[in-house]
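Novice: here's a sequence, model it:
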Amino acid sequence: EIEQVRATMPENIFRQEFLAEFIDEAGEVIPNVDACVVLPALEKERKKEKQYYAGIDLARVQDFTVVCVLDSEYRLVDFLRLRLINWDIQKNEIEAMLKKYDALSDCDSTGVGDPIVESLVMSGVSVRGFVFSATSKRALIQNLIFGFSNKQIKLPPIPELISELKALTYKQGPSGQLSYEAPAGMHDDCVMALALAYWSATRERWPGIFAL
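Specialist: Okay, the predicted model is just below:
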């Protein structure tokens, strides 16, 4: 049972909670963030020989809509962050970015996101809805943790994204399951968009592993 828990928990958290080790960075859910900031800037250019993957986290009342685009080497090549803009304009900007890269995409389809996903599908982009629940969000973040643990993901220095990645926290429920969220007063929209893009990329490559 302990090994099963270990397989679903970030290594530093497992070592603190189950092995009683003192870990200086125990609060850091996503490891190696600084080590993965290796790109000088966003490329913002499509290369015909590459496949692209996008993740879209849609805004709620005070949050941001964020789009992250990864190439087939898990390099973040484009990034869009919008706030307090009506849905039609947001949808048009998202559609333009997805079509630019012909990206295979996963989009938050929870609540108000469902008609946005339907509209994007009708416009001809390759997008799938991702419904956030306690289980699906946990799987999404733990897949992202795997990407950072292995230093697969490569980022340019985007302050909002880096800040959110480093600030992400976890809670352990009565059943022992973890949940992930931004600290009070902060956002996790950039994290979710990146996680969705990485989910799209890894689920395409290994479709059986990430079935929910």
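Novice: would you map the helices across the protein?
Specialist: 2-7, 11-19, 87-101, 113-122, 134-149, 159-167, 189-205 (DSSP state H).
Novice: test my guess that residue 113 contacts residue 58.
Specialist: Yes: taking contact to mean Cβ atoms under 8 Å, the distance of 4.6 Å between residue 113 and residue 58 places them in contact. Where C-beta positions appear, they are placed from N, C-alpha and C, glycine not excepted.
Novice: which neighbours do the two share?
Specialist: For the pair residue 113 and residue 58, residues contacting each of them under the criterion Cβ atoms under 8 Å, 6 or more residues apart in numbering are residue 107.
Novice: okay, these two: which has more neighbours?
Specialist: For the pair residue 113 and residue 58, the greater number of neighbours falls to residue 58 (27 against 21), based on other Cβ atoms under 10 Å.
Novice: next up, the contacts around that one.
Specialist: Residues touching residue 58, when contacts are defined by Cβ under 8 Å, 6+ apart, comprise 65, 90, 107, 108, 112, 113, 116.
Novice: what would the residues you listed look like in a markdown table with distance to residue 167 and pLDDT?
Specialist: As requested, the contacts of residue 58 are exported to a markdown table (distance: Cβ to Cβ, whole Å; pLDDT from 0 to 100):
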| residue | distance to residue 167 | pLDDT |
| --- | --- | --- |
| 65 | 19 | 91 |
| 90 | 25 | 86 |
| 107 | 24 | 93 |
| 108 | 20 | 90 |
| 112 | 25 | 74 |
| 113 | 23 | 78 |
| 116 | 27 | 86 |
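Novice: export these to a markdown table and tack on distance to residue 182?
Specialist: What follows is these, written out as a markdown table (distance: Cβ to Cβ, whole Å):
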| residue | distance to residue 182 |
| --- | --- |
| 65 | 16 |
| 90 | 21 |
| 107 | 20 |
| 108 | 15 |
| 112 | 20 |
| 113 | 18 |
| 116 | 22 |
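Novice: return the member of these nearest to residue 132.
Specialist: residue 108 (6.4 Å; Cβ to Cβ).
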